[in-house]
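S.K.: only geometry, no sequence info:
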């Protein structure tokens, strides 16, 4: 049994070991100070202004164009956005993307939620749910009766990433096959992806994109756009705030259906600009790749820690989950780190493991990941004395 920590040991980490920035949370994520400074400079003419006017619409337009460039979207793909975050997009997709039956891959807390939403929708057939143990991921299976395959690029709760590929043997949507919809909330911007392998790649900006929550974005293929229109043509009732035709129409006007959080939009756009100005998706994923290499190499070489995800190719490059030997209380380590200004390394609560969960989003400097590893080693040594 792991002892419950009642008092945090007073362990001071030497200043020369501390990271420059101590934020390693899985979301909301670290926001770059440069982005906050840019928002402050723009605030007098941006914050508190109408989202229907050029000042804000130009930011939305810049964001949509920037995402198009970042993900090298093929001709005909569109960038759609709306308010409410990924949870709201799942509900909207049950109305506007699934015709009758969907297939969902479930391998953690968040990858299970879209399937639950589809199962509860009275106008849809029961979805097919393909489950895998936590720490692993399943693969989609081509079926003739499936009109949407729901994948998850990165399982935030467990630190598992999966490749985004159309199901083997499945027909393309143009030939009557199902759409591929990917929850990329914690992976988009930090993990490589080929837009030809998806029809809807949706996410929120509070992870790799260094902004706040409350907004969703979906990168849509022509087949997904057509599906939205064909479902709407059936007359299926949809609440206006969940109506993807309304969201798409407004996005094409560089606005959202209802009032967005302007600071969120600005920080999101600033992050996309930072990525694109420095080399695009290769730059942003490269930072996460380097951080992952540092973290997992440290854990593999440690005599008290090990990566939770066994298969190296499944270990997330944006969310690292590290198990600790039963003789070491990971909760105590997290509390000591927090007392030293290193925050949000606690594991996902429902997973219930003796581990730390460490974000490696592009905003987090790989050198700070190295410093964090050194700090953990120092704390473990101090606890053993």
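M.R.: Ah, there it is. Model, not experiment: these values are computed from the prediction.

S.K.: Show me how far stretch 118-132 is from its chain's centre.
M.R.: Here stretch 118-132 is found 22 Å from its chain centre; the criterion is CA atoms, centre = their mean, to the nearest Å.

S.K.: From the opening residue of it to its closing one, how far?
M.R.: Taking CA to CA, to the nearest Å, stretch 118-132 runs 19 Å from one end to the other.

S.K.: before we move on, what about stretch 123-141?
M.R.: Terminal residues of stretch 123-141 lie 23 Å apart, using CA to CA.

S.K.: in that stretch, what's buried?
M.R.: Applying a neighbour-count criterion of 16 or more other CB atoms under 10 Å, the buried positions in stretch 123-141 are 124-125, 127-130, 132, 134-138, 140. Heads up, the C-betas are built off the backbone N, CA and C, glycines and all.

S.K.: Any stretches of this structure with poor pLDDT?
M.R.: Scanning the chain for pLDDT under 70 picks out 1-6.

S.K.: tell me the domain ranges of the chain?
M.R.: 15-31+281-384, 48-277 (automatic domain parsing).

S.K.: starting at the chain centroid, how far to the longest one?
M.R.: Think domain 48-277. Centre to centre, stretch against its chain (CA atoms, centre = their mean), the figure for domain 48-277 is 11 Å.

S.K.: Can you add distance to residue 40 and give the domains of the chain back as TSV?
M.R.: Below are these laid out as TSV (distance: least, CB to CB, whole Å):
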stretch	distance to residue 40
domain 15-31+281-384	12
domain 48-277	10
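
S.K.: Nearest to residue 7 among those would be which one?
M.R.: domain 15-31+281-384 (9.3 Å; CB to CB).

S.K.: Just the terminal-to-terminal distance for the closest one.
M.R.: 21 Å.

S.K.: ok, back up a step: quick check, nearest of the buried residues of stretch 123-141 to residue 323?
M.R.: residue 135 (9.8 Å).

S.K.: Contact partners for the residue positioned nearest the centre of the chain?
M.R.: With distances taken as CA atoms, centre = their mean, the residue of the chain nearest its centroid is residue 186 (1.4 Å). Neighbour list for residue 186: 26-27, 153-154, 156, 203, 207-208, 318-319 [criterion: CB atoms under 8 Å, 6 or more residues apart in numbering].

S.K.: Give the buried subset of those residues as a PyMOL selection command.
M.R.: Buried residues among the contacts of residue 186 (16+ other CB under 10 Å), as a PyMOL selection:
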select buried, resi 26+27+153+154+156+203+207+208+318+319
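
S.K.: rewinding a little: between the buried residues of stretch 123-141, which sits nearest residue 348?
M.R.: Nearest to residue 348 among the buried residues of stretch 123-141, counting by CB to CB, is residue 134 at 9.7 Å.

S.K.: In terms of helices and strands, where is the closest one?
M.R.: Assigned by DSSP states H and E, residue 134 belongs to no helix or strand.

S.K.: Now the nearest residue to it once chain neighbours are set aside, what are its backbone angles?
M.R.: Spatial nearest neighbour of residue 134, chain neighbours left out: residue 158 (4.9 Å); criterion: CB to CB, 6 or more residues apart in numbering. Dihedral angles of residue 158 (phi, psi; degrees, to the nearest 10) stand at phi -120, psi -10.

S.K.: Report how many residues lie close to residue 158.
M.R.: For residue 158, the count of nearby residues is 29 (other CB atoms under 10 Å).
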